[in-house]
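*Asks:* Based on what follows, work out the 3D shape:
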Amino acid sequence: MGLECRGQQFIWVLREADKADIFGEGEAGKIELPPRFEEMVASRDLGVVVRDRAPQLEILGHLATGGFLSHCGWNFCMGVPILAWLIQSDQPRNAVLIARVFKTGLIVKDLMSQDDVV
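*Replies:* This is a model prediction of the structure:
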C-alpha cells in the first residue's frame, strides 16, 4: 500500500512459486492483495501486478528501472541496484557478492531474520 499511497510506479511479480512459506508447515495459501488494489493502481497508471513470469531482463534493462527487490538467485545483472531479501539456498552467498564484493546492493533481510518485519 506504501507504493500506491506514495504514487511510486512499480512492477510487482507474484508467482505461484512465491506463495509457500518454505520455513513453515502446511499448504501454501493464495497470494492476496488488498481488495481492488490491482484495479486501483492500474487505473492511475502507477503499477502493474504480474501473476506469472515477467520478462526480467527487459525490465531490468529499461531506463526507468531504479531498483530491484530480489531473493538473489543468479538473476542479478543489468547494473540495477538490488535490495536483497533472502529466503533459501545459494541466496546468502549471492547477496554477499552483491553487497560486499560488487557493491551494487544492500541486504535488507537475511535468513536468520525470517520472522522480523522490515
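*Asks:* Could you list the domains of this protein?
*Replies:* 1-54, 64-118 (automatic domain parsing).
*Asks:* Need the distance between the two termini of the first one.
*Replies:* According to Cα to Cα, to the nearest Å, domain 1-54 extends 21 Å from its N-terminal end residue to its C-terminal end residue.
*Asks:* Could you do stretch 88-99 as well?
*Replies:* In terms of Cα to Cα, the two terminal residues of stretch 88-99 are separated by 17 Å.
*Asks:* quick one: average pLDDT of it?
*Replies:* Regarding stretch 88-99, the rounded mean pLDDT is 80.
*Asks:* Buried ones in that stretch, by neighbour count?
*Replies:* Gln91, Pro92, Asn94, Ala95, Ile98, Ala99 (16 or more other Cβ atoms under 10 Å). (C-beta placed from N, C-alpha, C; glycine too.)
*Asks:* Stretch 34-49 too?
*Replies:* Neighbour counts over stretch 34-49 (16+ other Cβ under 10 Å) mark Phe37, Glu38, Val41, Gly47, Val49 as buried.
*Asks:* Against Gln9, how distant is the first one?
*Replies:* Think Phe37. For Phe37, the distance to Gln9 equals 15 Å [Cβ to Cβ, to the nearest Å].
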